[in-house]
Every structure is written in structure tokens, then in C-alpha cells.
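Peer 1: any chance you can model this:
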Amino acid sequence: MKKEIDKYMTPAEAAYRWGLSQETVKSRLKPSLYKKKIESMIERGLIKYFRHPEGHRGEWIISEDAMIEWFGKKNKNPLDK
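Peer 2: Predicted structure coming up:
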């Protein structure tokens, strides 16, 4: 049985699980290309961005639902139980 936490992943894990390059996944998170889509997905709780106030780099968390919306259903992967 899949745990709730397994529905959320880093861009690296998302790329692995969908059989994509990390750059392909990261490209969907570029505000210069997809600003309105990113804002909509954040509002709907499909993706999340965090940057510490004193930090220079941020981190993304991506839901399975976001990946399905972007790339469709994934192929079977050993990480998916």
C-alpha cells in the first residue's frame, strides 16, 4: 500500500520515477516559461517552493498529480509499490 508521503517528491525523484531527465522536469518549474501555470499549481497544492529567507537557492516539492498533469501517467517503476 502506498503511503501518503510517497505522493510527493523532489524533482530528481520525479524525473527518475517518470523516466525523464532532471532538466525536463526542472524546465516545468521555470517561472520565465510557465509563470501562470506554476502559480496555479502552487495554489492548487500540486507543487511547493521553499527558500529560506537567508538562502540563495530554493527547493521544489512536486506531487504525483503535478507530474501526471505535465507528463501523463508514468510507466511502472521499481519505486512504486
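Peer 1: does the residue minimising distance to the centre of the chain sit in a helix, a strand or a coil?
Peer 2: Centrality entry for the chain: nearest residue to the mean C-alpha point is Ile62, 2.6 Å, by C-alpha atoms, centre = their mean. Here Ile62 is recorded as strand under DSSP: H, G, I helix; E, B strand; the rest coil.
Peer 1: and the one helix or strand in the chain whose mean pLDDT sits lowest, what does it pack onto?
Peer 2: Using mean pLDDT, DSSP states H and E, helix 31-43 stands out as the lowest-scoring helix or strand of the chain, at a mean of 92. If you count contacts as 3 or more C-beta pairs under 8 Å, 6 or more residues apart in numbering; DSSP states H and E, helix 31-43 packs onto strand 47-50. Quick note: C-beta positions are derived from backbone N, CA and C, even for glycine.
Peer 1: and the contacts of the strand it packs on?
Peer 2: Contacts with strand 47-50, where a contact means C-beta atoms under 8 Å, 6 or more residues apart in numbering, come from 29, 38, 41-42, 58-63, 66.
Peer 1: of those, which is the most crowded?
Peer 2: Ala66 (25 neighbours; other C-beta atoms under 10 Å).
Peer 1: now that one: how far from Tyr34?
Peer 2: 12 Å (C-beta to C-beta, to the nearest Å).
Peer 1: so which bits of the least confident helix or strand of the chain are buried?
Peer 2: With burial defined by 16 or more other C-beta atoms under 10 Å, the residues of helix 31-43 counted as buried are 38, 41.
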